[in-house]
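[1] Have a look; sequence and predicted model below, questions after that.
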Amino acid sequence: MTRETFEIRDQDGLGRIGELSVPRAGVTVETPALLPVINPHVRTVEPSRLRSEFGADILITNSYSFYGSDEYRDDALEDGLHDVLGFDGAIMTDSGSFQLAEYGEIDVTTPEILAFQRDIGSDIGTPVDIPTPPDVARERAEEELRTTQERLEVAEGVDVGEMLVNAPVQGSTYPDLRERAGRHADATDLDVFPVGAVVPLMNDYRYGDMVDVVAGAKRGLGRDAPVHLFGAGHPMMFALAVAMGCDLFDSAAYALYARDDRYLTVRGTEHLDDLDYFPCSCPVCADYAPAELRNVGGRAREELLAEHNLHVTFEEIRTIKQALRAGNLLELVETRARAHPAMLDGYRALTDHADQLEREDSVSKGAFFYLSGESARRPEVVRHHERLERLSLDPGERVLLTEGGPSDNFDASWRVVPPFGPFPRHLSESYPLTAEVPDRMDAEGYRAAAEGVARLADVNPDVAFTLAHRGWPESALNLVPERVDVVDLNGE
């Protein structure tokens, strides 16, 4: 269905810069966007500072904490969330599903909590879904998904005024259930689509499984569905999640990590005691050396570390937006993937879904940089191989596919460039065939090029092909059909 609340402005892979209109708040949130998590009982960084100092247009808090709080419930009902928290941007509220996942029981229904969220002035509310954890039995995942879907249908009938409503996408670690859940949620008249119950995967560094879960949900959701990755708080994995099509992230990590003297970077987490220098120029890191910050009193040190953690997190969001705008988001993802083996698993899982990314990826961008074997599985390579089927040749022709120069001994002479493989010379200045590739290509790049040769030969069975290569490995040459003559130019 078409949604007027979300407009996509730029796209790279499944990643996009969009505008989420939040009518009740009277604001438009540019995505990808980070929602700092605010615990009303423990405010490590005051919400009133989030917009002016850090650039947060939206935050998230737990409505169930207000619902069950003698201290805050009446104030929230009387004055509204925005006044209670001192925040003039958009506010999303969770429903109590987190408590349900943690403690197994809550005493509120979807109609009750949505009405409460409406009454306290939430801008985006959430029904009580069932956050099914990873790896449960399929029968349980299916049963709990049915319950979540029933509650989404109930949510459609609640009078929420101008408040947007989340439609969580559950299904545990079963991609087909996630796809089914996404399709059901997309068919409702709800507004924002959180992929739920992925925090255990991220806590266990199972980024590959997280990518598969998101890919399943995205297959079910429409292109214009704004997607929230619930609980994704570490900046290390934002680029990967954006490339999979996630638009919103909520983070309590900035505060939780600071409580334990942990310092966030885009490459991982450091403990303050282990740092001699700060690899950052945010206001906190500019004013303090690590030794000086260690000497600051406990609560003040926690607040300063939380500020740094927020600064580095919002900086990464801006870095991702610029990469997306420039058309090199996947290069950024690949760079970030080198920070941790689990992130590399996540990136490899992403390339396993290259067909899915290719369907929405831009046809032309700035430049293609080949950075590793994973680059050989990017959507641009997949697209080129598919287009080889359109490049038919006349039966009986003799065609040279070469890494060298053209030859008059053949009817046609095409270039071969790993990882793309063969293409007519007149396309040499067309994206992505202008790619920057290393002189010392890895085996995966050669294998991808050989797959391109095989694809071209398969769709032109009556054409005689000769492949003139420069030292391709046997693992690549074994993929070339036997009817293709193979010549090693290095042996001439």
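    Okay, I see it.
[2] which of the residues in stretch 374-394 are buried?
    374-385, 388, 393 (16 or more other C-beta atoms under 10 Å). No exception for glycine: its C-beta is placed from N, CA and C like everyone else's.
[3] Output these in JSON lines; the columns should cover secondary structure and pLDDT.
    Output for those, formatted as JSON lines (DSSP: H, G, I helix; E, B strand; the rest coil; pLDDT from 0 to 100):
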{"residue": "Glu374", "secondary structure": "helix", "pLDDT": "93"}
{"residue": "Ser375", "secondary structure": "helix", "pLDDT": "94"}
{"residue": "Ala376", "secondary structure": "helix", "pLDDT": "94"}
{"residue": "Arg377", "secondary structure": "helix", "pLDDT": "93"}
{"residue": "Arg378", "secondary structure": "coil", "pLDDT": "92"}
{"residue": "Pro379", "secondary structure": "helix", "pLDDT": "91"}
{"residue": "Glu380", "secondary structure": "helix", "pLDDT": "92"}
{"residue": "Val381", "secondary structure": "helix", "pLDDT": "94"}
{"residue": "Val382", "secondary structure": "helix", "pLDDT": "91"}
{"residue": "Arg383", "secondary structure": "helix", "pLDDT": "91"}
{"residue": "His384", "secondary structure": "helix", "pLDDT": "93"}
{"residue": "His385", "secondary structure": "helix", "pLDDT": "93"}
{"residue": "Leu388", "secondary structure": "helix", "pLDDT": "90"}
{"residue": "Leu393", "secondary structure": "coil", "pLDDT": "89"}
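[4] Tell me, how many residues neighbour Leu177?
    Residues near Leu177, counting by other C-beta atoms under 10 Å, number 23.
[5] Give me the pLDDT for it.
    Leu177 is assigned 98 on the pLDDT scale.
[6] Could I get the contacting residues of Pro36?
    Counting by C-beta atoms under 8 Å, 6 or more residues apart in numbering, Pro36 makes contact with Val45, Pro47, Leu50, Phe54, Ala56, Leu59, Ile60, Asp250, Ser251, Ala252, Tyr254, Leu310.
[7] what do you get for Leu344?
    Leu344 neighbours (C-beta under 8 Å, 6+ apart): Ala337, Arg338, Glu374.
[8] Likewise for Thr61?
    Thr61 makes contacts with Val37, Ile38, Asn39, Pro40, Leu81, Leu85, Ile91, Met92, Thr93, Asp94, as judged by C-beta under 8 Å, 6+ apart.
[9] So which of the residues you listed sit within strands?
    Residues of these located in strands (DSSP state E): Val37, Ile38, Ile91, Met92, Thr93, Asp94.
[10] ok, the third one to Ala25 distance?
    Distance, Ile91 to Ala25, by C-beta to C-beta, to the nearest Å: 7 Å.
[11] Quick check: neighbours shared by these two?
    Each of Asp123 lies in contact with both Ile91 and Ala25 under the rule C-beta under 8 Å, 6+ apart.
[12] State the phi and psi torsions of Asp250.
    With angles defined as degrees, to the nearest 10, Asp250 sits at phi -120, psi 140.
[13] wait, it sits on Ile60?
    Yes - between Asp250 and Ile60 there is a contact at 4.7 Å, judged by C-beta atoms under 8 Å.
[14] who touches both of these two?
    By C-beta under 8 Å, 6+ apart, the residues touching both Asp250 and Ile60 are Leu35, Pro36, Val37, Met92.
[15] Would you point out the most distant pair within those?
    Taking C-beta to C-beta as the measure, those span a maximum distance of 10.8 Å, between Pro36 and Met92.
[16] what is in contact with those two at once?
    Shared contacts of Pro36 and Met92, defined by C-beta under 8 Å, 6+ apart, are found at Leu59, Ile60, Asp250.
[17] got a list of what the residue located most distally from the centre of the chain touches?
    Going by C-alpha atoms, centre = their mean, the residue of the chain most distant from its centre is Asn409, 49.5 Å out. Residues near Asn409 by C-beta under 8 Å, 6+ apart: Arg398, Leu400.
[18] Which secondary structure state does it sit in?
    What DSSP: H, G, I helix; E, B strand; the rest coil gives for Asn409 is coil.
[19] tell me the mean pLDDT for the helix or strand hosting Leu350?
    Element membership of Leu350, judged by DSSP states H and E, is helix 341-352. Mean pLDDT, helix 341-352: 94.
[20] from the chain's centre, how far out does that helix sit?
    Computed by C-alpha atoms, centre = their mean, to the nearest Å, the chain-centroid distance of helix 341-352 equals 12 Å.
[21] That helix: which residues count as buried?
    For helix 341-352, using 16+ other C-beta under 10 Å, the buried residues are Ala342, Met343, Leu344, Asp345, Gly346, Tyr347, Arg348, Ala349, Leu350, Thr351.
[22] want to throw those residues into a markdown table with distance to Asp287?
    As requested, the buried residues of helix 341-352 are exported to a markdown table (distance: C-beta to C-beta, whole Å):
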| residue | distance to Asp287 |
| --- | --- |
| Ala342 | 33 |
| Met343 | 31 |
| Leu344 | 35 |
| Asp345 | 37 |
| Gly346 | 34 |
| Tyr347 | 35 |
| Arg348 | 40 |
| Ala349 | 40 |
| Leu350 | 38 |
| Thr351 | 41 |
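[23] Tell me the one among those nearest to Pro226.
    Leu350 (20.1 Å).
[24] picking up where we left off before, please, a PyMOL command that selects the buried ones among the contacts of Thr61?
    Buried residues among those (16+ other C-beta under 10 Å), as a PyMOL selection:
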select buried, resi 37+38+40+81+85+91+92+93+94
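[25] and the least confident of the contacts of Thr61?
    Pro40 (82).
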